[in-house]
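Participant: coords please:
(chains A, B and C)
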Amino acid sequence: MRTRNQAKRQNQSTANEDSLKHYGGMESRSGCKDEASGNETLANISQGAVGKLLKRVNKSRGSRGLKTDDSYLRKQDTMGELENGSSEAEKQLTGTTVVRTTFDAKCCTTDVLQNVPSEVENGSTDVQCQSIEREDELDGIDWEDGPVDTLKYKSNVKEDTINGVTVEFDAPPDPSKQKTVRRATAEEKELAEFVHKVNLLCLLARGRLVDSACNDPLIQASLLSLLPAHLLKLTDAPKLTAKALAPLVNWFHSHFRLRGANDTEKPFHSALASTLESQEGTPEEVAALSVALFRALNLTTRFVSILDVASLKPEIEKSYPSGKGPSRAGSGIFSSSTLMVAGPKCSPLSPAKSMAYGKHIVSDKTSTSTGQATNDKSRETITDKSNKRMSASTSDAQDDSNDACIIKKERPKRKGDLEFEMQLEMALSTTAVEIARNTMISDVKDVGSTSSNVSPFKKKKIKAEECSTSSHGISTAVGSRKVGAPLYWAEVYCSGENLTGKWVHVDVVNAITDGEQNVEAAAAACKLPLRYVVAFAGNGAKDVTRRYCTKWYKIASERVNSIWWDAVLAPLKELESVATSDVVHFAQGETRSSLEDMELETRELTEPLPTNQQAYRSHHLYIIERWLNKNQILYPKGPVLGFCSGHPVYPRSCVRTLQRKERWLREGLQVKANEIPAKVLKRSGKQNKGQDVEDDYGEGDCEGTVALYGQWQTEPLFLPPAVNGIVPKNERGQVDVWSEKCLPPGTVHLRLPRLVPIAKRLQIDFSPAMVGFEFRNGRSLPVYEGIVVCTEFKDAILEAYAEEEVRREAKERRRTEAEALSRWYQLLSSLITRQRLHNRYVDGASSQSAVNIATSNEKSSLLAGGSENTRSAHQEKSEIAKSSSPSFVLAENHEHVFLVEDQTVDEESSTRTKRCRCGFSVQYEEL
DNA sequence: ATGGGTCATCGACCTTTGCTTCGG
DNA sequence: ACCGAAGCTTTGGTCGATGACCCA
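Facilitator: From the prediction side, this is the model:
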């Protein structure tokens, strides 16, 4: 990573200094300062942009050391009272900063986030936000690698975000220089899976909420009252068919209109009520109302939703379709959500609210930026503003819309970015005009405002516009950027369909009945992966993805571990089953739910053959031979189900895994005699090289190969039984106990420690039991656990073991006690020695005192020695309690004398305290 | 735009049966 | 002198999965 200072040195030494200064100046925009003041919500915008920045950081992390010619910087909404905190070096660089976007992103971020404030603070002149045009002048800069503290970098992000400074980079479209790609680490994968699961649970909960709202009697009654009389009787037929539902669907479709996301965070139930009242609502609400109506008409109906969930895999390189990516971009999972249509009375939400309800993020952003524009005290000229806004909104919108509908454009195709931006700007301008007209909010002056209010209009119109401009998103899923995709519909059980009845797809939003086969295509068109389709009823849920997804192999890897998912759904499925099967029961105890299970299972097993070879790599049903692993084989080789590019397609159930002979032994199987290996592999790499030498000497090539066998070539392991108390051992004199199956008949594995000496003492034949290997010190070592003996000796050994253990424990206890005593003795001895030394040398500086010590020593040594003897004789465990007296300090030229009459004994705790007249005391416990 | 082929990379899995020194 | 415990050098090769890129 290139450090800032290094870059700076290079900058200053380059002949392009002038031009660099020019760019540095361009970065500062004094006119923006005022905008930041007093408008805290601006931080939100900045946060979003920082999120994008971080996204790019991740993106370009792998392309270090690369230089590009077309780097450019785009700054958006640079403003605020900028604090310093820049290094001295940075100050020197003021006005000469060059920010490049293709160099290492961390460096880039650090540079920008540190530099911009200092530049602005130093009073750089007002400049407009624009792209750097003279990138070629920067080519002379050599970047060096060096460490940059990432923590610092992170904190800078935060700080500057708070200050309202946002810098956005646009990664230059130079795919040729982005060869190196950072891959997700295991940790990131784990996090992504975690987010995915949590998101799934939340969406399940949301679905249940909607489902229960559909059961509201008041809403149902109101819907019935709206329904024309001739439609009321449509569903009375004993055998309901999908066709019979069509007029109902058409009426509903024409009666209710769509609008964008909710403007307020109402509980869903009341939102549904107001949708009913105003006859316009989000697709979710409209679909829910249709469910309510069908239920009111006594039709068995489910609310069905595509769970548009965060990706299971970390997205490092990609854009973030479906609200996935931002979860790890540092600015929150919903921070860069779709351009969405806000409600007419859209009011700014608090950031917290926004985070809690992703739908509102954009409206939040825009409304705040609107407010910002309104409150701007030092207004710029209209031109300046529009330029700035255009720039800001463009970059903002670009990301958003890229995320929304043109994901593919963002990655490899950077070439047309500019034209795309232009188009987008135009689209956004149009949108804004319409918004302004419709909402009559005079304060809305920010033309670049990407999310705002759209008057209610019909769904077809919405769809058309969404698909053409990608700017009017109806994001109905939380944090979703999918527009126009079918996300919600109903499933009505039609007993008149098929023999046993059928769940019929009814999408009132798009006025489609029985169009289940179209859902996949419609979702694909809007880049919405059809990973989870869940039907909700009776407060339960059931995964019905199979009904709508024909290319399961495409979504299988994007779905969470099925065991976890099934476990989550199991109780919900029960509830759903009860709710939808309570009316009708079928012959032979089959419920509607079990019949549907069979139907879905049948679909699973009859998936059409993919047309591309890659799909067979991990297809759950089919395989072509080229994708077999080296230890796999087709057995039996057939039937051929079809062909793909000339390759025969086999059922995956024919794929068998092969093992070496030794490996089968571990599973208690042995290869039958005279079996020919199902497959012979060449030994690879180093092993092979060694073998080649041998081959040259005519050793034969069988040593250079590995013979693999299939399970069908094996039989249960036959081991020689134990005879006369002798354990049959292998060539190493041991028994490999991979499992119980590997034990010779008549033997038993005793997994206890210290059995070897016992068996030896009892003269019982045994074998060490090797249970596996472990790697230590660079080599794999066998791990032994217990011994294998003949069954008849088991009891004798265990009995002896128990006795031995008792003996051993007693011995161990004695040893421990002796050791403890020894250590106490050592401790006390050292204490006394220390005290003597203290008295003799530390305090006795003068010769006079030395004499005193000598004289008193004779006396005290007797006492001290006596007490010591007493202690050892009595096996005392003593504690030196430094009494409150400051004896060590005060007792200069003094050796403690513990007189018998000064001793006290605490009978209760068996502690004895000896005291010296100087105040020093020793407390000890008598054992 | 899509699919096939190739390559790079990461990460999981497989591998698989001492030697030397020092203290008791 | 012998025995046993402890510490040492804490793999590394291979392959599948995945994704990027190029080309048809």
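Participant: residues near residue A:731, how many?
Facilitator: By the other CB atoms under 10 Å criterion, the neighbourhood of residue A:731 contains 5 residues. The way it works is simple: take the backbone N, C-alpha and C, and place the C-beta from them, glycine included.
Participant: Same check on residue A:498?
Facilitator: Neighbours around residue A:498, by other CB under 10 Å: 10.
Participant: and what of residue A:791?
Facilitator: Neighbour count of residue A:791, defined by other CB under 10 Å: 13.
Participant: Check whether it really touches residue A:747, as I assumed.
Facilitator: Yes - at 6.4 Å, residue A:791 counts as touching residue A:747 under the criterion of CB atoms under 8 Å.
Participant: which residues do the two both contact?
Facilitator: residue A:722 (CB atoms under 8 Å, 6 or more residues apart in numbering).
Participant: Next SSE downstream of the host helix or strand of residue A:780?
Facilitator: Using DSSP states H and E, residue A:780 sits within strand A:779-790. Where DSSP H and E defines the elements, the next helix or strand beyond strand A:779-790 is helix A:794-837.
Participant: Which neighbours in the sheet does the strand holding residue A:780 have, and how are they oriented?
Facilitator: strand A:747-750 (antiparallel), strand A:766-776 (antiparallel) (DSSP bridges).
Participant: so where's the stretch 351-500 of chain A shaky on pLDDT?
Facilitator: Where the stretch 351-500 of chain A drops to pLDDT under 70, the residues are A:351-484.
Participant: Mind doing that once more with 80?
Facilitator: Applying pLDDT under 80 to the stretch 351-500 of chain A flags residues A:351-485, A:498-499.
Participant: Beta-bridge partners for residue A:280, please?
Facilitator: In beta-bridge terms (that is, DSSP bridges), residue A:280 pairs with residue A:257.
Participant: ok, which stretches of the stretch 151-300 of chain A are helices?
Facilitator: Assigned by DSSP state H, counting those that start in this stretch, the stretch 151-300 of chain A shows helices spanning A:186-213, A:217-226, A:229-232, A:242-255, A:268-278, A:283-296.
Participant: and these, which is most packed in?
Facilitator: Most buried of the helices of the stretch 151-300 of chain A, by mean neighbour count (mean count of other CB atoms under 10 Å): helix A:283-296, with a mean of 27.
Participant: quick revisit: how about the helices of the stretch 151-300 of chain A, which one is nearest residue A:672?
Facilitator: helix A:186-213 (41.3 Å; CB to CB).
Participant: name the helices or strands packed onto that closest one?
Facilitator: helix A:268-278, helix A:283-296, strand A:301-306, strand A:533-537, strand A:540-543, helix A:562-581 (3 or more CB pairs under 8 Å, 6 or more residues apart in numbering; DSSP states H and E).
Participant: Dump these into a markdown table; add distance to DNA strand B and mean pLDDT as well.
Facilitator: As requested, the helices and strands packed on helix A:186-213 are exported to a markdown table (distance: least, CB to the nearest atom of the strand, whole Å; pLDDT from 0 to 100):
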| stretch | distance to DNA strand B | mean pLDDT |
| --- | --- | --- |
| helix A:268-278 | 36 | 88 |
| helix A:283-296 | 25 | 93 |
| strand A:301-306 | 20 | 95 |
| strand A:533-537 | 21 | 95 |
| strand A:540-543 | 26 | 95 |
| helix A:562-581 | 16 | 90 |
